[in-house]
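Asks: When you get a sec, could you give me coordinates for this:
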Amino acid sequence: MKIELKNISHSPRLSQETEAFAADLWINGKKVAYCENDGHGGCTNYNTYNPSLRPLLKEAEEYCKGLPPEDFNGHELSMDLEFMIDKMLYEWIEAKDFKKAIIYRTANGVKMECKWKGYTIAKLLQMGSGVTAIKRKVSELQAAGCTILNTNLGSIL
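Replies: As a prediction, this is how the structure comes out:
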């Protein structure tokens with residue numbers, strides 16, 4: 001089963017305990033439901049655009065329940081459609097962040113970022129001096145016990 005989020009509108013400014021967002025949920029190539037979270041720590045809500053799509057949404061819910069549990073900070077969490085939606089949103093946010101900065105986790109688990117004002121990671125990777133700057137920063141961070149989370153740094157890691 002193919003489950004996707006499209007037309008994501010994310011608001012970091014409104015995000016407090018959870019990510020504030022709205023998006024369309026697509027299932028097997030069909031726009032089925034809207035998803036939203038107000039960013040105040042509550043659940044991510046979803047509902048069909050049309051009552052005739054409820055059986056497809058129910059099918060997606062059952063499919064997600066059958067997926068293996070996910071490890072989250074050492075805890076095993078059961079998968080369901082809400083968790084799948086949140087996971088897809090976090091992957092989308094992370095991919096967007098990777099384009100702008102080196103994202104890393106410190107030795108004590110704090111997630112941080114390193115940016116170069118006016119430059120994206122892709123732009124830096126096209127410049128010799130940019131590659132050198134990224135390599136230097138990655139080496140410094142790794143020497144300090146940090147874990148680099150980016151997946152877009154190619155052979156630098």
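Asks: Are there helices or strands packed against the worst-scoring helix or strand of the chain on mean pLDDT, and which ones?
Replies: Using mean pLDDT, DSSP states H and E, the weakest-scoring helix or strand in the chain turns out to be strand 70-72, at a mean of 84. Judged by 3 or more CB pairs under 8 Å, 6 or more residues apart in numbering; DSSP states H and E, the packing partners of strand 70-72 are strand 75-77. All C-beta spots, glycine's among them, are computed from the backbone N, C-alpha and C.
Asks: In the strand it packs on, which residues are buried?
Replies: Going by neighbour count (16 or more other CB atoms under 10 Å), nothing in strand 75-77 comes out as buried.
Asks: dump the residue contacts of the residue in the chain sticking out farthest from the centre.
Replies: Most distant from the centre of the chain: Ser52, at 30.1 Å, with distances by CA atoms, centre = their mean. Ser52 makes no contacts at all, as judged by CB atoms under 8 Å, 6 or more residues apart in numbering.
Asks: For it, which three-state class applies?
Replies: helix (DSSP: H, G, I helix; E, B strand; the rest coil).
Asks: Tell me, what's the model's pLDDT at it?
Replies: Ser52 carries a pLDDT score of 96 in this model.
Asks: try Arg13
Replies: pLDDT, Arg13: 88.
Asks: Got the phi and psi for it?
Replies: Backbone dihedrals for Arg13, given as degrees, to the nearest 10, come out at phi -60, psi -30.
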